[in-house]
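# dropping the sequence and predicted coords here.
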Amino acid sequence: MEKTSSVLWKKLEILYVTKSLANHLMLKQ
């Protein structure tokens, strides 16, 4: 159970980071 939740959090973190990065790039353009 702990392993799956940690993996889920990792995926969420990556998703959030990529989203924020995309937003940052969009703002720069």
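All right, it came through fine.
# pLDDT weak spots in the chain?
Counting by pLDDT under 70, the chain shows low-confidence ranges at 1.
# helices of this structure, start to end?
Using DSSP state H, the helices found in the chain span residues 2-28.
# relative to Leu8, how far out is Leu21?
Per Cβ to Cβ, to the nearest Å, Leu21 is found 20 Å from Leu8. (Each C-beta comes from the backbone N, C-alpha and C, glycine too.)
# what does His24 give?
With Cβ to Cβ as the criterion, His24 and Leu8 are 25 Å apart.
# equivalent analysis for Ile14, please.
In terms of Cβ to Cβ, Ile14 sits 11 Å off from Leu8.
# and if you look at Thr18?
Plainly put, Thr18 is 16 Å away from Leu8 if you go by Cβ to Cβ.
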